[in-house]
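Participant: Predicted model and sequence follow; I will ask about them next.
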Amino acid sequence: MSEGGAKPWDTDPILRVEHLTMRFGGLTAVDDVSFSVGREDITALIGPNGAGKTTVFNCITGFYKPTEGMLTLDADGGDPFYLERLSDYEINADARVARTFQNIRLFPGMTVLENLLVAQHNVLSRASGFSFGAILGLGQFGRAEQDAVDLARSWLDRIGLLPRADEAAGGLPYGDQRRLEIARAMCTRPKLLCLDEPAAGLNARESEALNALLQTIRETDGTAIFLIEHDMSVVMRISDHVIVLDYGKKIADGTPSDVRNDPHVIAAYLGVSDEDAQALEARP
Ligand SMILES: Nc1ncnc2c1ncn2[C@@H]1O[C@H](COP(=O)(O)OP(=O)(O)OP(=O)(O)O)[C@@H](O)[C@H]1O
């Protein structure tokens, strides 16, 4: 594990996870895990199958209520959001945490553009005041609707799908569907974007396009990215910070080069015993 002074993600975190524990009956899926997610970072959560990665995600995004622990999301100087106390709806709409899932969850029969408009239904519902004027497209609602279309089209432009705006989303190639899902999450203007295995099933070219998209989000949108990923080429190339879980516990936390050379991480991935890991660590 990396040692030394304070890391950038500790000095300016958007999210602090403290002593997170999640038990399912007798099984401890996540065991007293603490880490920070930096405001301007791409942070990766990695680990072998069953290590507890998705469970951590589900706690942060409100799908599970943690058994123990605090999840504090910074609120631009206002009162922070304590995510462990909020519903998944509040975490998304108020704390502005968006997520994607391991399996694609677009509406395949809707058009590409409609998928991005559906994502903005909270803003549109608020602007409508649920009124008759909204049905007629009047006043505030008319403007909000135009803003929603403009935002959706600007995202389609960024991911190169504007020419296919009116096609059914289900007919897009897999890599385009993955990037459309990320664009859909970004249409909610999140402060923290959580991506569950975004590179799963992508070929090398699609993976390249994904990397480029994530880097531009980090650089131009001011959205922190937190991702679970098995594809080490993606993790090592685009992450600023990598956290490694094994059997529910954090075993490493540092820069990509810190964790790449960590004997505990090597041992976890190769399935060697703790004793062998110690021997690896003791080697000059
Ligand atoms: N709802 C649940 N009920 C009971 N056990 C669960 C539940 N969700 C996860 N687990 C268990 O918790 C442990 C961690 O699972 P989790 O899905 O978080 O791991 P993971 O690191 O995301 O794995 P993978 O890389 O295979 O997706 C596993 O033993 C899993 O079977």
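Facilitator: Ah, there it is.

Participant: mind listing the strands for the stretch 1-150 of the chain?
Facilitator: With strands called from DSSP state E, counting those that start in this stretch, the stretch 1-150 of the chain shows them at 13-24, 27-38, 42-46, 68-73, 81-82, 97-100.

Participant: CSV for these, including distance to R153?
Facilitator: Glycine gets a C-beta too; all of them are placed from N, C-alpha and C. What follows is these, written out as CSV (distance: least, CB to CB, whole Å):
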stretch, distance to R153
strand 13-24, 28
strand 27-38, 30
strand 42-46, 26
strand 68-73, 29
strand 81-82, 30
strand 97-100, 19
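
Participant: Most tightly packed of these?
Facilitator: Ranked by mean neighbour count, the strands of the stretch 1-150 of the chain are led by strand 42-46 with a mean of 25 (mean count of other CB atoms under 10 Å).

Participant: Show me what that one pairs with in its sheet, parallel or antiparallel.
Facilitator: As defined by DSSP bridges, the strand partners of strand 42-46 come to strand 224-228 (parallel), strand 241-246 (parallel).

Participant: how about JSON lines for those, with mean pLDDT added?
Facilitator: Below are the strands paired with strand 42-46 laid out as JSON lines (pLDDT from 0 to 100):
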{"stretch": "strand 224-228", "mean pLDDT": "96"}
{"stretch": "strand 241-246", "mean pLDDT": "96"}
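
Participant: returning to what we had before: redo the strands of the stretch 1-150 of the chain as a markdown table? Include distance to the ligand and mean pLDDT.
Facilitator: Listed next are the strands of the stretch 1-150 of the chain as a markdown table, based on distance: least, CB to the nearest ligand atom, whole Å; pLDDT from 0 to 100:
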| stretch | distance to the ligand | mean pLDDT |
| --- | --- | --- |
| strand 13-24 | 3 | 97 |
| strand 27-38 | 3 | 97 |
| strand 42-46 | 8 | 96 |
| strand 68-73 | 15 | 97 |
| strand 81-82 | 22 | 97 |
| strand 97-100 | 14 | 93 |
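
Participant: residues contacting H19?
Facilitator: Counting by CB atoms under 8 Å, 6 or more residues apart in numbering, H19 touches 32-34, 68-70.

Participant: go with 7 Å
Facilitator: Residues near H19 by CB atoms under 7 Å, 6 or more residues apart in numbering: 32, 34, 68-70.

Participant: Looking at those, which is nearest K250?
Facilitator: Lowest distance from K250 to the contacts of H19 (CB to CB) belongs to S34, with 7.2 Å.

Participant: which residue packs closest to L162, ignoring adjacent ones?
Facilitator: The shortest distance from L162 to any non-neighbouring residue, by CB to CB, 6 or more residues apart in numbering, is to L156 (4.3 Å).

Participant: again, but for I46
Facilitator: In space, not counting the residues next to it along the chain, I46 is nearest to V244; the distance is 5.5 Å by CB to CB, 6+ apart.

Participant: same thing with R179?
Facilitator: Distance criterion CB to CB, 6+ apart; nearest residue to R179, sequence neighbours excluded, is I159 at 4.7 Å.

Participant: Can you give me the neighbour number for the one you found?
Facilitator: 19 (other CB atoms under 10 Å).

Participant: now do the one 3 residues further on
Facilitator: L162: 15 surrounding residues under other CB under 10 Å.

Participant: isn't it right up against W155?
Facilitator: No: if you go by CB atoms under 7 Å, L162 and W155 don't touch, sitting 9.2 Å apart.

Participant: and the residue nearest to I46, how many residues sit next to it?
Facilitator: By other CB under 10 Å, neighbour count at V244 equals 25.

Participant: Quick check: it touching A252?
Facilitator: Yes: counting by CB under 7 Å, V244 touches A252, with 4.1 Å between them.

Participant: who touches both of the two?
Facilitator: Common contact partners of V244 and A252 (CB under 7 Å, 6+ apart): 259, 265.

Participant: Least confident secondary structure element in this structure?
Facilitator: helix 132-135 (a mean of 51; mean pLDDT, DSSP states H and E).
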